[in-house]
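Enquirer: coords please:
(one chain, ligands or ions: 1)
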Amino acid sequence: MTPRENVRNADEISTVIRDDNAMLGLGIPERHDVPVAESWAALVKPGDENSTEYGDMIAQLRDFLNYVTAARPDSDTVAALRDDLERWGRRLAPMAVPERDQMFGHLRDLHGRGQTMSPTFVATEADRDNVWGTVRFGRYFLGGNGAVHGGAIPLFFDEVLGRLANSSGRRHSRTAYLNTDYRSVTPVGVDLTVHGWFVSEEGRKRVLRAELRSGDVVCAEAEGLFVRLNPGQP
Ligand SMILES: CCCCCCCC/C=C\CCCCCCCC(=O)SCCNC(=O)CCNC(=O)[C@H](O)C(C)(C)COP(=O)(O)OP(=O)(O)OC[C@H]1O[C@@H](n2cnc3c(N)ncnc32)[C@H](O)[C@@H]1OP(=O)(O)O
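Expert: Purely as a prediction, here's the structure:
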């Protein structure tokens, strides 16, 4: 018997559908309509006129990656998609620019910075030493059995803590270590809450911690050391 045949009433059916949508990481728009608190927003580089359009394109790309991950497409669909992707690659290739000019990941006024490498962190509150927010790992970030891939979690922590470490007028630092404790499975397709905070700041060394929760359950915790760069250090 399949899980669907096992469904007995309308409530259960809607739960299954909702869960399927959740597994796709869909249903919650990957948009950027939550106001960002002052100190986090201090990183914002104003005046990129393409931000909104580019951000919407990235949101589509994120949804697309979730669909690709979830689908078991027929071979005609795969062939058509391959051809479309090849065409898009050829269209974009001549538009390559040096790193400092690229848009991907550089749009700091967008939640998620206009990138797809890690899920969109939506900062909802921040001060000089803390940031709070939400994240939803889409189906694309699935490791197995409904759990987020173990490598995607430190990537996400680096994203949040790296940015907090360099916020509020602090000079740039780089991650020296980032330790992650996986406390319980991090579910795909579920809104999670995030808190990142400074533990200490001594000389060039900034120690920060973060916590990722699903409801009351702590899914993962991290501690990172971020070392302030010396002048001329890459
Ligand atoms: C240009 C920065 C860009 C930042 C982004 C801007 C904001 C953008 C906005 C949004 C972005 C989203 C956010 C993304 C952020 C991501 C950040 C990353 O992931 S960076 C890539 C991964 N990390 C590396 O590639 C580092 C490679 N390592 C190094 O470059 C060096 O090792 C470095 C700079 C970390 C330290 O090297 P030393 O030569 O400058 O300094 P020494 O003397 O070795 O260390 C200073 C102190 O730190 C301790 N230390 C260093 N590493 C340690 C470790 N692993 N464990 C414990 N202590 C360590 C040392 O023992 C020393 O301590 P004692 O002063 O003696 O007390």
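
Enquirer: And the residue of this protein closest to the ligand?
Expert: Residue nearest to the ligand within the chain: residue 162 (2.4 Å; Cβ to the nearest ligand atom). All C-beta atoms are positioned from the backbone trio N, CA, C, and that covers glycine.

Enquirer: Can you verify that residue is assigned to a strand?
Expert: No: read with DSSP: H, G, I helix; E, B strand; the rest coil, residue 162 is helix and lies in no strand.

Enquirer: got the contact list for it?
Expert: 173, 175, 224, 226 (Cβ atoms under 8 Å, 6 or more residues apart in numbering).

Enquirer: Okay, buried residues for stretch 63-81 please.
Expert: For stretch 63-81, a neighbour-count test (16 or more other Cβ atoms under 10 Å) marks 63, 65-67, 69-70 as buried.

Enquirer: Please work out how many residues are found near residue 166.
Expert: 18 (other Cβ atoms under 10 Å).

Enquirer: re earlier: now, the buried residues of stretch 63-81 that are in helices?
Expert: The members of those that map onto helices under DSSP state H are 63, 65-67, 69-70.

Enquirer: Export those as JSON lines, with columns for distance to residue 153 and pLDDT.
Expert: Converted to JSON lines, these look like this (distance: Cβ to Cβ, whole Å; pLDDT from 0 to 100):
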{"residue": "63", "distance to residue 153": "21", "pLDDT": "96"}
{"residue": "65", "distance to residue 153": "17", "pLDDT": "98"}
{"residue": "66", "distance to residue 153": "18", "pLDDT": "97"}
{"residue": "67", "distance to residue 153": "23", "pLDDT": "97"}
{"residue": "69", "distance to residue 153": "17", "pLDDT": "97"}
{"residue": "70", "distance to residue 153": "20", "pLDDT": "96"}
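
Enquirer: nearest to residue 190, of the buried residues of stretch 63-81?
Expert: Nearest to residue 190, judged by Cβ to Cβ, of those is residue 66 at 13.6 Å.

Enquirer: my read: the closest one touches residue 140, true?
Expert: Yes: under the criterion of Cβ atoms under 8 Å, residue 66 makes contact with residue 140 at 5.1 Å.

Enquirer: tell me the contacts of residue 212?
Expert: Applying Cβ under 8 Å, 6+ apart to residue 212 gives the contacts 135, 153, 156-157, 186, 192-194, 218-221.

Enquirer: wait, is it part of a strand?
Expert: Yes: counting by three-state DSSP, residue 212 falls inside a strand.

Enquirer: Is it bridged to anything, and to what?
Expert: Counting by DSSP bridges, residue 212 is bridged to residue 194, residue 220.

Enquirer: separation between it and residue 149?
Expert: Using Cβ to Cβ, to the nearest Å, residue 212 is found at 14 Å from residue 149.
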